[in-house]
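Participant: sequence and predicted structure below; questions after.
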Amino acid sequence: MADDVERLRQLVDVVRRLRSPKGCPWDREQTHASLRATMLEEAYEVLEAIDEQSMPKLREELGDVLLQVLMQSDIAAEAGDFTLGDVADAVREKLVRRHPHVFGDTAVSGSDEVVRNWEALKAAEYGRQSALDGVQRSLPALQWAWSLQRRAANVGFDWPSVDGALDKVSEELEEVRDALTVEAREGEFGDLLFSLVNVARKLGMNPEDALRSATGRFEARFRIMEQKAKAEGRDLKDLPIEELDQYWEAAKRNG
């Protein structure tokens with residue numbers, strides 16, 4: 001532990017030197033706002049490393065996220081707003097406060113009750129008036145829907161089982177088929193996606209993760225199709241759908 005703390009201190013020193021008058025011009029020019037997109041990009045790269053189950057890549061990408069935290073903290077410290085120590089204090093105090101079953105005398109029956117208690121403590125801390133308060137609209141759409149549904153479920157607004165959610169998917173799919181205008185189709189399609197998020201939640205899955213995984217499989221298989229067609233002197237865009245389907249099935253068998 002002492003070794004880890006020392007290595008973190010050395011990294012903090014490097015960041016502060018980069019931001020110093022004798023440091024890097026680019027680093028000195030950065031602001032909270034200018035680093036916003038980079039923070040988001042680095043977070044997604046962490047997700048990609050997790051999806052790939054690559055520990056070397058995860059180590060690197062977590063370092064990039066840590067760098068963003070240190071940069072943002074140093075910018076704030078220079079402005080007199082807060083320091084890295086203040087950031088550490090805030091999260092430490094929050095963890096202790098929201099884990100009374102660990103640092104206090106509260107008893108819990110399992111992880112589900114831990115989550116309910118966590119949400120109740122957050123609501124009290126922030127003076128929230130709605131069970132949905134605190135869910136960020138800036139989240140990716142699937143994640144936003146999943147988070148809102150979880151909050152609603154915490155107060156009992158939920159299907160008793162996945163069967164109800166699956167029935168709702170069938171209902172929404174029919175409404176997509178029956179929609180007569182572009183506007184109506186878009187609305188019904190949105191309802192269909194929202195109902196599918198409910199199914200994922202009831203099955204214990206995060207729909208954002210499920211879609212990322214499916215998209216990754218599609219990309220890998222499509223690239224296999226392209227490579228096989230190219231090796232045979234053919235171009236996918238020139239092939240009928242029946243032959244494209246054959247290439248697709250072959251790609252699925254290969255991964």
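Facilitator: On my side now, so go ahead.

Participant: quick one, domains of the protein?
Facilitator: By the assignment in automatic domain parsing, the chain contains the domains 2-96, 98-129, 130-205, 209-253.

Participant: can you tell me which of these the model trusts least?
Facilitator: Lowest mean pLDDT within these: domain 98-129, a mean of 78.

Participant: list the buried residues of that one.
Facilitator: By neighbour count, and taking 16 or more other Cβ atoms under 10 Å as the criterion, the buried residues in domain 98-129 are Arg98, His99, Val114, Asn117, Glu119, Ala123. Every residue, glycine included, has its C-beta placed from N, CA and C.

Participant: again with stretch 215-225
Facilitator: Arg221, Ile224, Met225.

Participant: please enumerate residues in contact with it?
Facilitator: Contacts made with stretch 215-225 from outside it, assessed by Cβ atoms under 8 Å, 6 or more residues apart in numbering, are listed as Asp51, Leu236, Leu244, Tyr247, Trp248, Ala250, Ala251, Lys252, Asn254, Gly255.

Participant: tell me the most buried of the domains of the chain?
Facilitator: Mean neighbour counts were taken over these using mean count of other Cβ atoms under 10 Å, and the top value, a mean of 15, falls to domain 130-205.

Participant: any idea where the helices of the stretch 101-250 of the chain begin and end?
Facilitator: In order along the chain, the stretch 101-250 of the chain carries the following helices (DSSP state H, counting those that start in this stretch): 111-126, 141-154, 162-178, 182-202, 207-231, 241-253.

Participant: could you point out which of those sits nearest Glu41?
Facilitator: helix 207-231 (15.5 Å; Cβ to Cβ).

Participant: ok so, going back, now for the buried residues of domain 98-129, which pair is the farthest apart?
Facilitator: Greatest spacing in the buried residues of domain 98-129, by Cβ to Cβ: His99 and Ala123 (16.2 Å).

Participant: ok, back up a step: now the buried residues of domain 98-129 as CSV including distance to Glu175?
Facilitator: Putting the buried residues of domain 98-129 into CSV (distance: Cβ to Cβ, whole Å) gives the following:
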residue, distance to Glu175
Arg98, 41
His99, 44
Val114, 38
Asn117, 38
Glu119, 32
Ala123, 34
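
Participant: one step back: please convert the helices of the stretch 101-250 of the chain to a markdown table, extending it with distance to Val69.
Facilitator: Formatted as a markdown table, the entries for the helices of the stretch 101-250 of the chain read as follows, by distance: least, Cβ to Cβ, whole Å:
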| stretch | distance to Val69 |
| --- | --- |
| helix 111-126 | 21 |
| helix 141-154 | 21 |
| helix 162-178 | 38 |
| helix 182-202 | 30 |
| helix 207-231 | 23 |
| helix 241-253 | 41 |
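
Participant: out of the ones you listed, nearest to Ala37?
Facilitator: The minimum distance between Ala37 and the helices of the stretch 101-250 of the chain falls on helix 141-154, with 18.1 Å, by Cβ to Cβ.

Participant: for that closest one, which outside residues touch it?
Facilitator: Residues beyond helix 141-154 that count as contacts (Cβ under 8 Å, 6+ apart) turn out to be 115-116, 119, 131-132, 135-137, 139, 158, 193-194, 197-198, 200-201, 206-208, 211.

Participant: how far off centre is that helix?
Facilitator: Using Cα atoms, centre = their mean, to the nearest Å, the mean C-alpha position of helix 141-154 is found 13 Å from that of the whole chain.

Participant: now the angle from that helix to helix 207-231?
Facilitator: Helix 141-154 and helix 207-231 are oriented at 150 degrees to each other (axes from the mean of the first three to the mean of the last three Cα atoms, to 10 degrees).

Participant: I'd like to know how far Arg36 sits from Asp163.
Facilitator: Plainly put, Arg36 is 43 Å away from Asp163 if you go by Cβ to Cβ, to the nearest Å.

Participant: actually Met39, not the one I wrote
Facilitator: Distance check for Met39 against Asp163: by Cβ to Cβ, it reads 41 Å.

Participant: how about Glu183?
Facilitator: 31 Å.

Participant: cool, and Val155?
Facilitator: Relative to Asp163, and taking Cβ to Cβ, Val155 is found at 21 Å.
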